[in-house]
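Peer 1: Structure for the following, please:
(one chain, ligands or ions: 3)
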Amino acid sequence: MELILLGPPGAGKGTQSKLLETRYGVAQISTGDMLRAEVKAGTPIGLEAKSIMDAGKLVSDDILIRMIGERIKRPDCAKGFILDGFPRTVPQAEALDKLLHEQAVDLDAVIELKVDEAILVERISGRYSCAKCGEGYHDKFKQPKTPGVCDACGGTEFIRRPDDKAETVHARLEAYNAQTAPILPYYRARGRLFTVDGMAEMDEVEAQIEAVLRGLGVAAA
Ligand code: ADP
Ligand code: ADP
Ligand code: ZN
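Peer 2: Ligands and ions are numbered 1, 2, ... in the order given. Got it, this is the predicted structure:
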């Protein structure tokens with residue numbers, strides 16, 4: 001299965017792609033996570049990306065296209081992948097088409113998670129994650145079962161992203177509207193775009209995505 005989850009920051013791409021990764025046995029690829037790993041490791045890409053990410057802008061197409069080109073060739077992508085956060089511009093979408101064509105794979109679907117802006121701000125400002133395993137949480141919408149203890153790994157340290165502050169969220173939404181939203185007609189014209197109501201409860205969103213995939217004949221693992 002080759003799937004793209006598309007949507008503004010806070011729409012639930014990370015949450016849903018992790019659920020789908022388990023269910024469909026394919027690799028979840030988050031370009032945001034990959035870039036944050038580069039920043040943490042202090043690589044040349046990380047050094048270049050950090051200030052751009054902190055400002056809520058998009059890192060260059062060049063870097064992202066190179067990163068994804070290498071990533072989807074790795075063995076864990078043999079059964080397919082879910083892209084979370086890529087493509088984010090039309091040139092990235094065009095480059096992805098070329099990469100997929102070279103590997104003779106076909107995109108199954110692009111699923112757009114639609115969420116109102118007011119809700120996005122609330123989702124992003126309440127977001128945090130486990131420092132040890134990366135499991136995602138929310139102050140209001142997804143708290144650990146035992147307060148202060150990660151459900152997934154038992155970790156007790158949590159982190160918030162520096163770009164999740166209210167001031168930066170505005171810039172990120174602007175980048176989405178100006179640079180990423182134009183991808184929607186690109187995929188719509190190719191008959192690949194499916195829109196799901198991202199404002200529903202998490203398991204309801206998951207069910208809607210699975211219904212789309214079932215309709216396309218994609219079976220769970
Ligand atoms: P994205 O990867 O698109 O930026 P996330 O998956 O990180 O979005 O979700 C943003 C925040 O909103 C997280 O804290 C997550 O727990 C929460 N969240 C995700 N989906 C829902 C939902 N359907 N309802 C309520 N909160 C959600
Ligand atoms: P969110 O989950 O809120 O949508 P991500 O974790 O996907 O955010 O991305 C965080 C930041 O990383 C973005 O604001 C941007 O600076 C950078 N980034 C991630 N993916 C891309 C991409 N495909 N193109 C350009 N920049 C990207
Ligand atoms: Zn954890």
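
Peer 1: Contact residues of this structure facing ligand 2?
Peer 2: Taking CB under 6 Å from any ligand atom as the contact definition, the chain meets ligand 2 at 9-10, 13-14, 31-32, 35, 52-53, 56-59, 64, 85-86, 88, 92, 163, 172. Just so you know, the C-beta spots here come from the backbone N, C-alpha and C atoms, and that holds for glycine as well.

Peer 1: Which ones, among these, also lie beside ligand 1?
Peer 2: Okay, of the residues of the chain next to ligand 2 touching ligand 1 (CB under 6 Å from any ligand atom), that's 9, 10, 13, 14.

Peer 1: can you pick the most crowded of these?
Peer 2: Among those, residue 10 has the most neighbours (other CB atoms under 10 Å), with 27 neighbours.

Peer 1: Next up, the contacts around it.
Peer 2: By CB atoms under 8 Å, 6 or more residues apart in numbering, the residues touching residue 10 are 115, 119, 120, 121, 123, 124, 127, 169.

Peer 1: sec struct for residue 29, please.
Peer 2: Here residue 29 is recorded as strand under DSSP: H, G, I helix; E, B strand; the rest coil.

Peer 1: tell me which of the ones next to ligand 1 among the residues of the chain next to ligand 2 is nearest to residue 99?
Peer 2: Ranked by distance to residue 99 (CB to CB), these are led by residue 13 at 19.9 Å.

Peer 1: pretty sure the closest one is in contact with residue 4, am I right?
Peer 2: No - Residue 13 is not in contact with residue 4 according to CB atoms under 8 Å; the separation is 9.5 Å.

Peer 1: re earlier: among the ones next to ligand 1 among the residues of the chain next to ligand 2, which are in helices?
Peer 2: Counted as lying in helices by DSSP state H, out of these, are 13, 14.

Peer 1: quick one: which of the ones next to ligand 1 among the residues of the chain next to ligand 2 is nearest to residue 106?
Peer 2: For these, the nearest to residue 106 is residue 13 (21.3 Å; CB to CB).

Peer 1: Can you name the residues that contact residue 163?
Peer 2: Residue 163 neighbours (CB under 8 Å, 6+ apart): 53, 54, 56, 172.

Peer 1: pLDDT added to the ones next to ligand 1 among the residues of the chain next to ligand 2, as TSV?
Peer 2: Supplementary listing: those in TSV, determined by pLDDT from 0 to 100:
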residue	pLDDT
9	98
10	97
13	98
14	97
